[in-house]
Each structure stands twice: as structure tokens, then as C-alpha cells.
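[1] Attaching a predicted model along with its sequence, questions to come.
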Amino acid sequence: MLVMRGIVKQFPGVRALDGVDLDVRAGEVHCLLGQNGAGKSTLIKVLAGAHQPDEGTIEFNGAQVRASSPMDAIRLGFATIYQELDLVDGLSVAENIFLGHEHARAGFVNRGAVNRAAGAVLARLGHPEIRPKAEVGRLSPAAKQVVSMARALSHEARLIIMDEPSAALAHDEVANLFRIIRELTAQGVAVVYISHRLEEIREIGDRVTVLKDGRTVAVGLPARDTPTSEIVSLMTGRNVEYVFPPRAAESPGDEVLRVEGLSSPGAFADVSFSVRAGEIVGLAGLVGSGRSEILEAVYGARRAYGSVALSGKPVRRGDIVGTVRRGMGLAPEERKAQALLLDQSVTANITLGSLPGFAKFGWMDRAREKAEAQRLVEALDIRPPDPERPIKTLSGGNQQKAVLARWLLGSRKLLLLDEPTRGVDVGARAELYAVIRGLADQGIGVLLVSSEVPEVLGLSDRVLVLREGTVIHQGDAQDLDEHRVLDMIMDGRAA
């Protein structure tokens, strides 16, 4: 039914897809596997018309096609259910299901017909209890997933792409999802299924394609018969060489962070660990496992229950200013959206977290502010070395250095680093690794999140492995390797 050949997609500084091949047969569940960053999401966005390929061809039912927009993809017969659900919270269930192809007559929406059709689709999915008139924003995550699936079915699609469709579903709801998928494939519908859960792949999948670093490394493997070790090996083989600075010879110092029984409903549960001065503790797990949410809760920016103590004193939820003053800093996952003032200078971005320290009688000491920014630009080798340059003109690696520099002003006890090398080229990565290790060597505790398992293992002294919001292993990084961590993440068994 679908044949993709030599698909290439480039973004500034990143070749996300480097000649990917995929073929999907009518009536099969074709599973797409790969680590975070392997190119899976980019590939399905090409299929969905959200991205345009730079090279390559797509054939559907024997004819060459090109979806220039998401609406084009829908007209072709492609429907996509994204991991990050694209629902409009303020609209009703029925309005979301038929958004863009409403039942209308003479320019007016026939709401009765829309509600009846939505009810029929929801009943087909085994969820007649979801009311078509209910506001989507008030539904549970699992119910929202069902609504997203109903939208795909409402288009009578011949190819349905499902990106982590079971992530928000309970066990019985996953069984219902599989029932629906089997009904669809029995009617000749093809399903491209993305999941990190190998037990699901074995149960529902027919064939498997594996991506690594934007390339296809295996096409059409039998889902039920291919050994787990082979799949993991295909996923972890790398073209990128990781060079990490040596770990500190001295033992870590006093405890700077203690987390006990920390829980955030829907994100993670009963998490306990500590970080000592000069120690790097890494959190390994898949997207959605609760890694970033744990950092937000420790920082006081997320609703959570349990206790968080910085140098023995409780961290109060919502008191970000107090948390920063006491020596904690957060470099968030999305630096452009969450950390940087893109139109401001490098200086303004570096000093943003310490402005009171440059004020005297209510007036900013601009000369001292610029001098401190210049010192950090030189210390971290931020290029070009111009503190007054707009930060949006710097490369990703140098922007990330500026985010780290922000937390080097004043006395820092603990840094929370969420995906510190995302979108950073290989050369800049090595520099950032040296900076992070240098911070630890100065006695700063570091709590690190990364989707790159080798990065977590190479930088960290200790590692927590997370799966679906639960810590399934804690131990020394030197006692683990990438294969063991992935086995734990995907099979759910502790080491």
C-alpha cells in the first residue's frame, strides 16, 4: 500500500532523516522502532503533510503522491494520531472529531448530525460513555486519546499512523485499542504503530522497521520472531562517537538534595533519591517516563506531593524565587521557548537569574553586569565572544552554554539539566560535557536528564532508570551499559 524510498529531511544544523525507506502492506500493523531522536516523529510528519521531504519518493497504492499539507494527507487517506494530542480543549468531543469536515448544509453546521455521527464512532471504539457534547478539556488523558482515535476513524482513512497510542491508557484500555486495530486491519486498513513497549510490538505487530540516527537499519523484520537482543542492538548502534571527560577522583561531598516519596498524579509516583555535592545523578528513560516532570517538581514548578529538601531545608512548591536564591537552577528542555529571551543580548540572558545582585538603590549597575557576562563568555568559550550580540544569532551549542552561564552567577548548590545537548552538534557536545563535569568538580550537584542513554551513562556518577513514572533501578553508572538500560526501559524489569 505504501512505499517510501530515500526520504531526506534537513533542519538548520540537523539532518533528521538521511535516506529512510519504509513499506507498509494493506491490512498489516507495521511497527516503527528507534530511540528518541532516531527520526520516527519526523518521518510520520512527512507522511502527515506537516513536513515536506527534501529528497525521496512516496507511493500510495501504486501512484506517486506528495502531501503538501495535513489536509492533503487526509484527502489521500492518511490519518495521524500524534503522541502530543492535537485536540482543541475548548470545543466539544463531536466538534473535535469532525473538525475540518463538519456536517453542514447551506453553510450551517448540522449539530444534531455531528453529535449522532460522533456517538456512532465512539461506540465503534467501545466508549459510548464519552458524551459527544462534553468539553474535551475536561476529559481524562485516556478519554482524549479515544477522541483522537475517533477523529482518525471519522475520515475513513486507509492508512492510520499511531504515535505511542497506549501511553495514556490503562491495561484494559490497551486491550480495547488492540481490538479496534484488529478490526481495522481486517478491513484492509494499514496501521503504522510506534511504541517503545516491546511487549506491545509482539502482541499487535506484524512487521518491524528500525530507525537509527535518521537512517533505516532494518526493514520488515517479523515482529513476533525477532529476538529482543537483535532489536536493541539495531537501535543502539551509533555513528556518533561520544567522548566524555573523566569522572572526579574524589568522593562526592555532603548531601545537597534529598527527595522522598515524591509523586505527581499522571506523571510519576513515589520517587526517592539524593544528590551530593560534586555528584552527577542521571535520569534515564523514554519520553513520557516522568523525567522532566521530576525536575520541575524538584524545582518547585510542578504540583507534587512528598518532600524535597535543598541542603536540609524544604523546597516550597511555587516559590521559584526562593529556590533560586537558595542555590538551585534549572536549564529546561526547550531552551528557546522556556529559557531564552531570543531578541535580547547574551548579557541579558546570562544575568536574567541574578538581576537583584546587580542593583543598587533600585538602579542597575550595567558596567558590572557586562563585566560579569564577559567573564562567563570567556570562561565557557561562548562564540562569538560578544556579550552584546542578540542570543538568537548564536548556534544551539553556544545558546546552551549561555543558559548554563546564567546559573554560574552567585553561589549555586544544585543544577537541574534537562536535555542539555538537544539540537547541539557533536563538537559542541564535547565542550558542554566538559562544562558539566567542570561544574561538578567545583562541588555543584547536578541532576541530569537526557534521551541519549550513552550520555547519561558517560556523564553521570549514579543513574536512576525510569519507566512509566516509576524508578525501576538505582545504581552506579559504571555498573550499567546501554543495552542493559534499554532492556530495563523496554521490558520493565529491574537490573
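    Yep, that arrived.

[2] Run a quick neighbour tally on K360.
    9 (other Cβ atoms under 10 Å). The way it works is simple: take the backbone N, C-alpha and C, and place the C-beta from them, glycine included.

[3] how far away is it from S345?
    21 Å (Cβ to Cβ, to the nearest Å).

[4] for stretch 256-264, what is the average pLDDT?
    The pLDDT scores in stretch 256-264 average 96.

[5] for this structure, which spans come out with low pLDDT?
    13, 36-37, 83-85, 167-172, 237-242, 423-428, 492-495 (pLDDT under 70).

[6] The spatially most central residue of it sits in which helix or strand?
    Centrality entry for the chain: nearest residue to the mean C-alpha point is V287, 4.4 Å, by Cα atoms, centre = their mean. Using DSSP states H and E, V287 sits within no helix or strand.

[7] Touching, it and S451? I think so.
    Yes. Using Cβ atoms under 8 Å, V287 is in contact with S451, at 6.7 Å.

[8] which residues touch K313?
    By Cβ atoms under 8 Å, 6 or more residues apart in numbering, K313 lies in contact with R326.

[9] Specify the beta-bridge partners of it.
    Beta-bridge partners recorded for K313 (DSSP bridges): L310.

[10] okay, now the domains of this structure?
    The record, using automatic domain parsing to delimit domains, assigns the chain the ranges 2-236, 255-491.

[11] nearest to A248, of these?
    domain 255-491 (5.4 Å; Cβ to Cβ).

[12] What is the end-to-end distance of the closest one?
    In domain 255-491, first residue to last residue: 32 Å (Cα to Cα, to the nearest Å).

[13] on that earlier part again, with distance to A248 as added columns, please give the domains of the chain in a markdown table.
    Output for those, formatted as a markdown table (distance: least, Cβ to Cβ, whole Å):
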| stretch | distance to A248 |
| --- | --- |
| domain 2-236 | 27 |
| domain 255-491 | 5 |
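
[14] Secondary structure class of L409, three-state.
    For L409, the assignment made with DSSP: H, G, I helix; E, B strand; the rest coil gives coil.

[15] That one and E372 touch, don't they?
    Yes. Between L409 and E372 there is a contact under Cβ under 8 Å: 6.3 Å.

[16] Report the set of residues contacting both of these two.
    Common contact partners of L409 and E372 (Cβ under 8 Å, 6+ apart): I350, T351.

[17] How far does stretch 118-125 sit from its chain's centre?
    Chain-centre distance of stretch 118-125: 31 Å, with Cα atoms, centre = their mean, to the nearest Å.

[18] Buried residues, it. List them.
    A118, G119, V121, L122, L125 (16 or more other Cβ atoms under 10 Å).

[19] which outside residues touch that stretch?
    In contact with stretch 118-125 (Cβ under 8 Å, 6+ apart) are residues 93-94, 97-98, 128, 130, 132, 146-147, 149-150, 153-154, 176, 180.

[20] Sort out which of those residues are buried, if you could.
    93-94, 97-98, 130, 132, 146-147, 149-150, 153-154, 180.

[21] show me where the stretch 351-495 of the chain has helices.
    366-379, 396-406, 426-441, 453-459, 482-491 (DSSP state H, counting those that start in this stretch).

[22] tell me how far the second one is from the chain's mean position?
    Centroid displacement of helix 396-406 relative to its chain, using Cα atoms, centre = their mean, is 20 Å.

[23] name the helices or strands packed onto it?
    strand 328-331, helix 335-338, helix 346-350, helix 366-379, helix 426-441 (3 or more Cβ pairs under 8 Å, 6 or more residues apart in numbering; DSSP states H and E).

[24] any idea of the angle the fourth one forms with helix 426-441?
    Right, helix 366-379. 110 degrees (axes from the mean of the first three to the mean of the last three Cα atoms, to 10 degrees).

[25] what angle sits between helix 366-379 and helix 396-406?
    130 degrees.

[26] Could you number the chain from 681 rather than 1 from now on?
    OK, 681 is where the count begins now, so the last one is helix 1046-1059.

[27] Which strands or helices does helix 1046-1059 pack on?
    helix 1026-1030, helix 1076-1086.

[28] May I have that helix as CSV, with CA atoms only?
    Extracted in CSV, the C-alpha atoms of helix 1046-1059 (Å, rounded to 0.1, in the frame of the first residue of the first chain):
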residue,chain,number,x,y,z
ARG,A,1046,25.3,48.0,33.9
ALA,A,1047,29.1,48.1,33.9
ARG,A,1048,29.4,45.4,36.5
GLU,A,1049,26.7,43.3,34.7
LYS,A,1050,28.5,43.5,31.4
ALA,A,1051,31.8,42.7,33.1
GLU,A,1052,30.4,39.5,34.7
ALA,A,1053,28.8,38.4,31.4
GLN,A,1054,32.1,39.0,29.6
ARG,A,1055,33.9,36.9,32.2
LEU,A,1056,31.5,34.0,31.7
VAL,A,1057,31.5,34.3,27.9
GLU,A,1058,35.3,33.8,28.1
ALA,A,1059,35.2,31.1,30.8
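
[29] Kind regards, and thank you for your time.
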